[in-house]
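> give me a 3D structure for the following:
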Amino acid sequence: MAIPGDKIYPRTGDNQTIYLKNVITNPNIQVGDFTIYNDFVNDPRDFEKNNVLYHYPINHDKLSIGKFCSIACGAKFLFNSANHTLSSLSTYTFPIFFEEWDLDVKNITNAWDNKGDIKIGNDVWIGYEAVILSGVTISDGAIIGARAVVTKDVMPYTIVGGVPAKPIKKRFSDDVIDKLLEIKWWDWSSDRIRENIEYIQSGQIEKLR
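Numbering: from 1, shown residues only. All right, here's what the predicted structure looks like:
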């Protein structure tokens, strides 16, 4: 019997949608169970190359994505090496071209500002061609609008959109959000989720068991 989520393509005949965890090879990228990525332009299996950008090993920065997330085609995660340092009088990345300018190769990371890791919670929906910048945390249940540029942290179950992304509204009342964060249904076993799918889909939080 197949293990739930233990395959690349979850839908028969659909080669555009994958369980992302099962194609990740970079140890600095961690993805939770059942998180999906859809790409109708490129091969979705090339997510590391096409969607995680400026993610150089010398930085040791990390991308973590939780369980049951939905990532739309063309979403991008921009890491620290994209941040040309603002402490210099010039935005030119001299340390990268250390050979040309007789600089110390050990100081190559001085070319950019390190703003930290990117952390995506559980049950997050990231819309078409959205861009997530380094140092950003997107909390559980959030929704990122199409082509939004996320420069700041996003609170749980909050919908954001625009450039730069700003809060549009909360998905539920504070009481329901608190209950969902306490329940953490995404950490349940597959069997328990299957038993409660009807209530999850219909929004009947009081019936979750």
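> which residues touch the helix ranked longest in the chain?
Ordering each helix of the chain by length in residues (DSSP state H) puts helix 190-202 first. Identification of contacts with helix 190-202 by CB atoms under 8 Å, 6 or more residues apart in numbering yields P4, G5, W185, W188, Q204, I205, K207, L208, R209. (Glycine included, C-beta is placed from N, CA and C.)
> try stretch 117-126
Residues contacting stretch 117-126 (CB under 8 Å, 6+ apart): 32, 61-72, 75, 77, 79, 132-144, 156, 184, 186.
> let me see the residues that make contact with the worst-scoring helix or strand of the chain on mean pLDDT.
Least confident helix or strand, the chain: helix 98-101 with a mean of 92, by mean pLDDT, DSSP states H and E. Residues outside helix 98-101 that contact it (CB under 8 Å, 6+ apart): F94, D104, V105, N107, I108.
> among those residues, which one has the most neighbours?
When neighbours are taken as other CB atoms under 10 Å, the top entry among these is I108 (18 neighbours).
> not counting sequence-adjacent ones, nearest residue to V163?
V149 (4.6 Å; CB to CB, 6 or more residues apart in numbering).
> what about the one you found, distance to I132?
If you measure V149 against I132 using CB to CB, to the nearest Å, the figure is 8 Å.
> more crowded one of the two?
Between V149 and I132, counted using other CB under 10 Å, I132 has the larger neighbour count: 27 against 17.
> which element follows whichever strand or helix holds that one toward the C-terminus?
I132 is part of strand 131-133 when elements are defined by DSSP states H and E. Next helix or strand after strand 131-133 toward the C-terminus (DSSP H and E): strand 137-138.
> check contacts around the residue lying closest to I24 once chain neighbours are set aside.
Nearest non-adjacent residue to I24, counting by CB to CB, 6+ apart: V31, 5.5 Å away. Neighbouring residues of V31 by CB under 8 Å, 6+ apart: L20, K21, I24, S64, I65.
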